[in-house]
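Novice: I would like to see how this sequence folds:
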Amino acid sequence: MKEQKLTPTIVWGRYNAGIGFNNNIDLDEEVEANENFFIGKQWEGVKANGLPTPVFNFLKRVVLFTVASVTSENLKLQAQPLGNSGAKGEFYKMTSVVNNEFDSIFEFNKIVNLMREVMRNAAVDGDGCTHTYWDPSIETGQVNKGGIVTEVIENTRVFFGNPNDRRVQKQPYIIIERRLLTEDLKDRAEKSKVKNWEQITPDNSGRRENRSEQNAWSNDRTTTLLCYYKNKKTGTVWCYECTRNVEIRNIDTGLKLFPITWLNWDYRQDNYHGQAMVSGLIPNQIFINRAFAMTMISLMTTAYPKIVYDATRISRWTNQVGASIGVKGGDVNNVAKIIDPAHVDPQIAQFIQLAVNYTETFLGATPAALGDVRPDNTSAIIALQRASATPHELTKQNLYSNIEDLGRIYVDFMANYYGIREVEITMPKEIPEEIQQFIDIKPGEEITGTFDFNTLKEHPMVMRLDVGASAYWSEIASMQTLDNLLMQSKIDLVDYLERIPDGYISMRQELLEKLRSQRAEQEAQQGMMPDQNVPVQAPGQGAPQGGSALRKGGLLNDGKPIPIPSGPGNGTLQRSLSQGKAV
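Specialist: Have a look, this model is predicted:
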């Protein structure tokens, strides 16, 4: 079957089909409501008629806590050879180069921060998405320029060719919608010698054309579609970019994988969009806000005392301090009366607090995890925190899998765009003996040389994600353990300073060097100066093995008691005997 040639009309038709699918599940409305509730606009569209509209946004605290607990670890991506290979030791050099590039790409793109944004979008909107592309203008300090750039994309701007499958690499095509400044787009199209570039004009986004407030701010922008699809003839991913009626480019990226990662907070069957964490919390947030609003109305109308007076006997009442009030005849005892204010049932406040506590607890944000408990027992608190984090393990594993997919995309980009570059090769500290005979580099050695990244196309690799805990309570537990070891004299001060986390003691390295030099001087003096109070044995008396003339029980090797020196002074032997220690 001959592959269909893409045109702006075909791509725009696929784009409208994606919009229709999202409209059927009310995606745009759900995302907008979730975003408003998350940022605190929780009375949007409600006519208050002058009534109080309080916002007690516990929802945001729970979401941020959950996202932080999932992404609060140090992430390090590692590449390893896939299976047995005839290349043997050459694979170790390749993986060393790739791993160094991973560190550089992670630092350049701030991947840890991007992953927090992805998880935040997944929790609030339902899905998190990253898009990776090649920027040829990035300076590298070498002959070959260009670098890999990763950005976060909203789920409302990504359309899968098969919306019933959430697997990215199984899609026939993926469309990304972008809103670009019309003038910038026309300049780029003109420089690229695009036909009919003059026809590029401002327009409205297909999914937002009914929102006047959006149109007011986007009348100088043009909707541009990026359509990634796999060419059956070449077996690679192609990128088709167009506006509503102008084709801008149709290029072979050379990639084997779609440069997109997709993460659902919670899966929905037969749907590439996931279920957001916030969607299930909105009813609880609405109840709490309404309960507070009704309580405020009650307090504002009935919380203050009222005075009722007899209008037939008093013409006018005044609250002025010290003012006189005239009464027309009769007894003044029953002229006026103060009505006590109504009391708010304390069960209302208790029920509101109960709703908040239950919501936080069911989501794993227990008081121990949030740090709202008294730290009497550190070990118990750590155990509770670990138990509360258990419900998030599935979400955390989804994040790790997402990062591994991102690593495969990075290797794909390296193989097709890097070319020959100067690299630093750092060999692993531990290399199997059967591999060392094929490598002319020692374990842990670092060398600099050139590397042809095109060779990565011929050598498949497997991604491994190493994760290291960096939570605050982990440092507290480590510090407490080290303090106890130091106080019990299990370790000395040098061992203590070498193991404490960074930032606790200023100028720690200088202090360590000073203590080490003092220790070296003391050991040198003890080795050169013998104790004057211990008698030196004559040759032939049989010095004990190990170089010491003393044994427990105060006996020499010949069985005779150790002579105790007399006279002024208090030597080492006298002090040991006076303290009752065995010599």
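
Novice: for residue 414, give me its contacts.
Specialist: 98, 101, 148, 453, 456 (Cβ atoms under 8 Å, 6 or more residues apart in numbering). Heads up, the C-betas are built off the backbone N, CA and C, glycines and all.

Novice: out of these, which sit inside strands?
Specialist: Judged by DSSP state E, these include residue 148 as members of strands.

Novice: just flag the most distant two among the contacts of residue 414.
Specialist: Spatial extent of the contacts of residue 414 (Cβ to Cβ) is set by the pair 148 and 456 at 13.5 Å.

Novice: and the strands in the chain?
Specialist: Secondary structure of the chain (DSSP E): strands located at 73-81, 127-135, 147-153, 158-160, 173-181, 221-230, 237-242, 247-255, 260-264, 306-309, 336-339, 420-426, 446-452, 461-469.

Novice: ok, which of those strands comes nearest residue 31?
Specialist: The nearest among these, by Cβ to Cβ, is strand 127-135 at 9.3 Å.

Novice: show me which of the contacts of residue 414 is closest to residue 325.
Specialist: residue 148 (84.2 Å).

Novice: give me the beta-bridge partners of the residue lying closest to residue 179 once chain neighbours are set aside?
Specialist: The shortest distance from residue 179 to any non-neighbouring residue, by Cβ to Cβ, 6 or more residues apart in numbering, is to residue 221 (4.8 Å). Per DSSP bridges, the residues bridged to residue 221 are residue 181.

Novice: is it true that residue 221 touches residue 202?
Specialist: Yes: in this structure, residue 221 is within contact of residue 202 by Cβ atoms under 8 Å, at 6.0 Å.

Novice: for the nearest residue to residue 264 once chain neighbours are set aside, give me its contacts.
Specialist: Nearest non-adjacent residue to residue 264, counting by Cβ to Cβ, 6+ apart: residue 274, 2.8 Å away. Residues in contact with residue 274 (Cβ under 8 Å, 6+ apart) are 122, 126, 127, 166, 263, 264, 265, 266, 267, 268.

Novice: ok, of those, which come out buried?
Specialist: Among the contacts of residue 274, those classed as buried by 16 or more other Cβ atoms under 10 Å are 122, 126, 127, 166, 263, 264, 265, 266.

Novice: could you find the closest non-adjacent residue to the third one?
Specialist: Okay, so that is residue 127. Per Cβ to Cβ, 6+ apart, closest to residue 127 is residue 155, 3.6 Å.

Novice: wait, residue 295 touches residue 343, no?
Specialist: No: here residue 295 lies out of contact with residue 343, judged by Cβ under 8 Å, at a distance of 11.9 Å.

Novice: so those two - more neighbours on which side?
Specialist: It is residue 295, of residue 295 and residue 343, that has more neighbours when counted by other Cβ atoms under 10 Å, with 17 against 9.

Novice: and the residue nearest to residue 264, how far from residue 12?
Specialist: Distance, residue 274 to residue 12, by Cβ to Cβ, to the nearest Å: 27 Å.

Novice: returning to what we had before: which one of the strands of the chain lies closest to residue 57?
Specialist: Residue 57 sits nearest to strand 127-135 of all these, at 21.8 Å, using Cβ to Cβ.

Novice: now do the buried residues in the closest one.
Specialist: 127, 128, 129, 130, 131, 132, 134.

Novice: tilt between that strand and strand 237-242?
Specialist: With axes from the mean of the first three to the mean of the last three Cα atoms, to 10 degrees defining the directions, strand 127-135 sits at 90 degrees from strand 237-242.

Novice: so where's the chain uncertain?
Specialist: For the chain, the stretches with pLDDT under 70 are 1-3, 72-73, 81-90, 205-218, 363-391, 426-447, 463-477, 502-503, 528-583.

Novice: kindly state the domain boundaries assigned to it.
Specialist: Annotated domains of the chain cover 74-277+393-448, 473-526 [automatic domain parsing].
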